[in-house]
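# the following block contains a protein sequence and its predicted model.
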Amino acid sequence: MPLTKQEVLHMAALCRIALSPDEVEYLRGQLSDILEHVRTLQQVDTEGVPPTSHSAGLTSVMREDSVSDGLEPESTLANAPRREEDFFRVNAVLEE
Amino acid sequence: MSALHSLTLQEAHNLLLRREASSVELAQACLDRISEVEPKISAFVTVTGELALKQARRIDDQRAYDKGSPLAGIPFQAKDVICTQGIRTTCSSRMLENFVPPYDATVMEKVYANDAVLLGKGNMDEFAMGSSTEHSAFFPTSNPWDTSRVPGGSSGGSAAAVAADQVFYALGSDTGGSIRQPASLCGIVALKPTYGLVSRYGLIAFASSLDQIGPMTKSVADAAIVLNAVAGYDPRDSTSINTPIPDYTESLTGDVKGLRVGVPREFFGEGTQPGVLEAMNTALGVLEDLGVDIEETTLPSTRYATACYHIIAPSECSANLARYDGVKFGHSKAEAATMWEAMEGTRQEGFGPEVKRRIMLGAYALSSGYYDAYYLKAQKVRTLISLELDEAFQKYDVLVTPTSPTVAFGLGEKTANPLEMYLSDICNISANMAGIPALTVPCGFSDGLPVGMQFMGPALSEPTLIRLGHAYEQSCDWRLCRPDI
């Protein structure tokens, strides 16, 4: 069943992407087709099968808790779209 | 002697050792070649010519190649998803159009330690999402064998640059076929290593449980040489495996007698072009003549691999790409009244259509109420795909399939239908799911376009794949066929 316009907008809201009305329309068709394809997995019997999250066979890799050099403030801020002194400048998070 | 730029990495290294060429001459030959063919191919996002010549001069002065590294003084390209300190790294995305990394990826540190010469950064599908390089936000890349066709993707710029002799080799990345499929479509060799064998520190993340960096080269011997330099444990990548690294060039023996090779029939059915099947059947005959034992087998879960991949990869991508919020680096919407408007606008402007599709799909598959039906289900199917491969490797040393069901398709042919594009990685995805290595080697032509053969083996079987790939390559003349650009 094709996605509704509201469902597409819900998906976009989940990942904080604004969409134009045109984008909503073509994504609606494409995402519906892709979802229909991936639903073929429902045919597979996975009763009692454990999930695989990755194939490296490693768990909870920890490093020594020791002090090491990080990036210098200038390197860290070199790509900042907006900065003020040694800080990233952002819009207000908590409005009055 | 053939032109400098058309040599393999190994041949160029031998010239340096014999003082028959200098590193500066190699770099200049590649830069001349780039000037000549790049207007037709568009394989590079950035060419670092001046820097390359400077590096090459230093290496010539120090005679660094005499120290033994076969990479010393040899120009290469890095896919633009690999962070290069001080050199723009864009992921072929508007989001990172002006991003200059403050550090080098581990693979860059490793090849620089071998005195390799970086010649530029390779065009790709945006954030490595795609199979044709048409999803680059900047420009598409053309296939050197027919410039009206795609080079494959997502490492299409790297495959095209190696095929067009613009560099001696490239470093690409493979999440679901992204170095193997373009290598196949451009007629070159590429190896996706075992998950965790090559550090991903400084590789801009797409799907972290699948991504792996690997060599794209003109010969199997060259792939072994590059793998020697980049493989190895790295504490900065928590998925890096701590295992002894063999000398992969020791596998270039030519002796493959008695290797047990399985041919899974699912990869030779409907959807595979007749010309690809013909080339594969001839190639299987060559393998038999080399003394390997070939047997038909079956991997029934293969038919679910694409669907499984297109839940897992988008889910991981939606998490990884959440970092692009316009605050610390990357594109940022200039005028916005609120924090949310800034973030949503930044992501609307910075991401192209394929990236948006995948992030949205992933966020949906992970969202409350859908997680079990989509993401968890796909993780279970992933287990089945891996178990089936484990079982196959009880009987066979290597599985052989076509690398791509088709030869290079036309520019624009599949862009309107994402699902059709997704199916072009159908032969490649299982290796990423199971974390196993896979090598592609040119195995003929169909209508004048290259066909590739894929060898898959169990985890850490790179020596076996290199041994078989090299033996096959040396018994055919495909490596001598070069595109006429």
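It's in. Predicted model, so just to flag it, every value in this text is computed and none were measured.

# which residues does the residue of chain B most remote from its centre contact?
With distances taken from the mean C-alpha point of chain B and given as CA atoms, centre = their mean, the most distant residue is residue B:337, at 41.7 Å. Contacts of residue B:337 were listed using CB atoms under 8 Å, 6 or more residues apart in numbering or on different chains, and they are residue A:91. The C-beta positions use only the backbone N, C-alpha and C, and glycine is treated the same way.

# in three-state terms, label residue B:262 for me.
The three-state assignment at residue B:262 reads strand, by DSSP: H, G, I helix; E, B strand; the rest coil.

# quick one, phi/psi of the residue nearest the centre of chain B?
The geometric centre of chain B, computed from its C-alpha atoms, lies nearest to residue B:179 (CA atoms, centre = their mean), at 1.9 Å. Main-chain torsions, residue B:179, degrees, to the nearest 10: phi -110, psi -30.

# shaky segments in chain A?
Along chain A, the parts satisfying pLDDT under 70 run over A:96.

# what about 90?
A:1, A:53-64, A:68-71, A:91-96 (pLDDT under 90).

# residues from the stretch 101-250 of chain B in reach of chain A?
Contact residues, the stretch 101-250 of chain B versus chain A (CB under 8 Å from any CB of the partner chain): B:102, B:103, B:195, B:196, B:208, B:209, B:235, B:238, B:239, B:241.

# find the nearest non-adjacent residue to the residue nearest to the centre of chain B, please.
Counting by CB to CB, 6 or more residues apart in numbering or on different chains, the nearest residue to residue B:179 once its immediate chain neighbours are dropped is residue B:172, at 3.8 Å.

# now name the helix or strand holding the one you found.
Taking DSSP states H and E as the criterion, the element that holds residue B:172 is strand B:169-174.

# helices or strands up against that strand?
Other helices and strands packing on strand B:169-174, by 3 or more CB pairs under 8 Å, 6 or more residues apart in numbering or on different chains; DSSP states H and E, are strand B:75-79, helix B:156-163, strand B:189-192, strand B:212-217, helix B:220-230.

# run the last query once more with 6 Å
The elements that strand B:169-174 packs onto, with contact taken as 3 or more CB pairs under 6 Å, 6 or more residues apart in numbering or on different chains; DSSP states H and E, are strand B:75-79, helix B:156-163, strand B:212-217.

# not counting its own residues, what contacts the shortest one?
Looking back up the chat, that one is strand B:75-79. The set of residues that contact strand B:75-79 without belonging to it, under CB atoms under 6 Å, 6 or more residues apart in numbering or on different chains, is B:26-27, B:30, B:52, B:116-117, B:119-122, B:124, B:155, B:158, B:161, B:167, B:169-173.

# mark which of the residues you listed are buried, thanks.
When burial is judged by neighbour count using 16 or more other CB atoms under 10 Å in any protein chain shown, the buried members of the contacts of strand B:75-79 are B:26-27, B:30, B:52, B:116-117, B:119-122, B:124, B:155, B:158, B:161, B:167, B:169-173.

# strands of chain A, residue ranges please.
For chain A, the strands defined by DSSP state E occupy A:83-84, A:87-88.

# return the residues in contact with the closest residue to chain A within the stretch 51-200 of chain B.
The minimum distance from the stretch 51-200 of chain B to chain A, using CB to the nearest CB, falls at residue B:102 (3.9 Å). The neighbourhood of residue B:102, defined by CB under 6 Å, 6+ apart, consists of A:71, A:75.

# phi first, then psi, for it.
Torsion angles at residue B:102 (phi, psi; degrees, to the nearest 10) stand at phi -80, psi 0.
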